[in-house]
Structures are given as C-alpha cells and as structure tokens.
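Trainee: Could you work out the structure for the sequence below:
(2 chains)
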Amino acid sequence: MNTKHLTDDELQQYALNSADCDAAIAEHVHFCEDCKAAVETYRLLFTGIGEQDVPAFDFDLSELVVKQLQPSPKPKLLPEDFFIYLFSFVIITITGAMLYFFRAYLIELFSSAGNFAVYLTVVSVVVLLIFLCIDQYKTYQQKMKAIDFY
Amino acid sequence: MLDGNLHAYTQLIRHTERLVAQIVFKMISNSEDRKDIAQDIYLKVHRKLPSFSFQSKLSTWVAQVSYNTCLDYLRKKKLLLPGDGPEGNEAEDDGWFAGKFLSTSPAIAVDTMIHKKELAVILKTAISKLPPVYNTLISLYHQEEMSYEEIGQITGLPDGTVKNYLFRARKMLKNELLVTYKKDDL
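Mentor: Residues are numbered from 1 along each chain as shown, chains lettered A, B, ... in the order given. I've put the predicted structure just below:
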C-alpha cells in the first residue's frame, strides 16, 4: 500500500467518482483513516452544495423584458439576399431556356443511350438526393437539440 | 422567435431564468444591480439571437451571454476576479481563505460533528465568501450538474482552467468548513 497521504486533488477525484480512480488510491483510502475522513468531508461538502437553495429572481423577469421589446418589423431584404435571389432566378431561367430550346437533342440523347446509362444517371441522382436529405435531417436534429430545454 | 414572436421569447426567458439567476446571483451581490443586469442579459440575447449558430445548446448560449455581461459589470466596478486574486500557489490558497494552520487530513470526519442544518448555514456563508467566478463555477458544476465542457463553453475558459478553479474553490470551502468546525469546538 502507498503510505503517502493522498493529495487534495486525489481526494477530490476520489470523492467525486471513486470508480474512476486508480486502484492504488482506492486501496490507500481503504486503509488510511485520515484520508477516508478527508474524503468523507469532501462528500459532505458536495452534498451540502447540491442541497443549497437555488436562487430565483423576486420579480417577473419575462414581463419586464418583454415590455421593453418592440415587436420586430418585417426584416428588410439585405443586399446579399437580393443577389442570391437574382442569381437563382438567372440560373433557373438559363436552365429552363436550355431545356426548352434543346429538348429535341435531349430526347434523342436519352433514347439513343442505352438503358444502363439512363439507369445509372437516375440512380446517381437519387443517391445524391438521399444524402442531401440525410444531411438536412441531421442539421435539423442538431438545431432542435440545441433549442430543447428539457 | 426570430420573427419577433414575443410569446416564444417569453418561453425562452422562463426556461432559462433559473440558470441565468444562478450566474447573476453568484457574480453580483447588489440586488438592484441584479435586476438591471438580468434585464440587460435578455435584451442582449434578443438582439444577438440571429447570430446564434446552433453550435451549443441555446440555454448554454444564454448562460454565456449572462456570464459575459456579469463579467463586464465586475470589470467596470473593478471587483476581484480569479485572474486578479492570489493564484498559482497552493499554499497561498489556504492562507488567503482559511489560514495556513489547518491540517488537510482531519482524523475525524466533519459530518459526525455538525448537523445538516448547521452545515447548510456554514456552507452558504463559505460559498458567499468565494470570489464571484469560483462561486459561479461551484454552482454550475454541483447544483446545475453541468460538465466541465459546458462550463467551459459558458465561461470561455479552457477545461483545464475550469477544473483548476473548481479544485481551488472546493479546497477553500473544505478548509472553511474545518475552520468553522474547529472554532466551534474551542
């Protein structure tokens, strides 16, 4: 057995979670009355702190705060939002126009391509969409977890 | 909430009020200032809500705003923070709070000597003597049962520093408990 008394750090660790401590520490506490008493003092301290009254405000905080808040006006369109909308519109217009003007070539392309190529394309798109959905779902779950108070 | 729903914001206040109160009560001693600071915290939270990035729990983020607001107040008032107080020397910790004469290994456990009610009173006094940041860390860890990581997120302190501060605070409380016990025993 280690005959040197435990340090305060070791005593606290043991008092907090004896299962996670070294076997040597546990053995010392088992045989040393002084350290056992010090551990008990710490445990008593931790229980005492846990049982202290939880402070609470003696006024209605939400009422006081909400009184000072104005219902926020509809958010204005920021310049960066405007560019995102404009860019999306341009992309959709160009894609739509290409599909419309080159529809004959596209139909010919897909009908001349083998079934394998068509299936491969469809499967790739579906797999990609599944991954995107999983990613979106994970983000949603993370956000919900963040705002969960219970 | 982001759309200005005040009912939703009221719910947020009600759900996080306990944690905010823990921090404000432990860091601010003046009750009038507490009232102003508590309101200031939630006004700041409302203003900064669009910047919440979901990297931590919303309650942790609100607690972080609370802690920083209280810290700003203490700095403004030039009140003692752990960084300004005696640090780094274990022996100094004992001397600063409880006197250097104490044995760290009492032969008799204190619990056999003091009643639960007495203990609560002694501890309340001892906790109130701790520096504000130590006091807050003790409450968050032992009363709110938060992890070192969560406390680190709230205070912006590295995990190692949180552990170190908690260690010192517990040691101070233990020494104060022993001093009180010895004083009563005389």
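Trainee: In chain B, what residue spans correspond to helices?
Mentor: Along chain B, counting by DSSP state H, helices occupy B:6-27, B:31-48, B:58-76, B:90-97, B:116-129, B:132-138, B:148-155, B:159-185.
Trainee: If I take the third one and helix B:148-155, what angle do their directions form?
Mentor: Relative orientation of helix B:58-76 with respect to helix B:148-155: 50 degrees, computed using axes from the mean of the first three to the mean of the last three Cα atoms, to 10 degrees.
Trainee: Out of the helices of chain B, flag the one nearest residue A:27.
Mentor: Checking the helices of chain B against residue A:27 by Cβ to Cβ gives helix B:159-185 as the closest, at 22.7 Å. Any C-beta I mention is one placed from the backbone N, CA and C, and that applies to glycine too.
Trainee: Can you pull out the low-pLDDT segments for the chain?
Mentor: With no chain named, the answer covers chain A. The model of chain A has pLDDT under 70 over residues A:1-2, A:71-76, A:149-150.
Trainee: oops, chain B please
Mentor: For chain B, applying pLDDT under 70 flags the ranges B:1-4, B:79-114, B:182-186.
Trainee: State the distance from residue A:143 to residue B:176.
Mentor: Distance, residue A:143 to residue B:176, using Cβ to Cβ, to the nearest Å: 44 Å.
Trainee: again, but for residue A:22
Mentor: Residue A:22 sits 29 Å away from residue B:176, going by Cβ to Cβ.
Trainee: of the two, who's got more company?
Mentor: Taking other Cβ atoms under 10 Å in any protein chain shown, residue A:22 and residue B:176 do not tie; residue B:176 has more neighbours (22 against 12).
Trainee: Excluding residues flanking it in the chain, which one is nearest that one?
Mentor: Spatially, and ignoring its direct neighbours in sequence, residue B:176 is nearest to residue B:126 (4.0 Å; Cβ to Cβ, 6 or more residues apart in numbering or on different chains).
Trainee: ok, residue B:180 - contacts?
Mentor: B:122, B:126 (Cβ atoms under 8 Å, 6 or more residues apart in numbering or on different chains).
Trainee: All good on my end, thank you.
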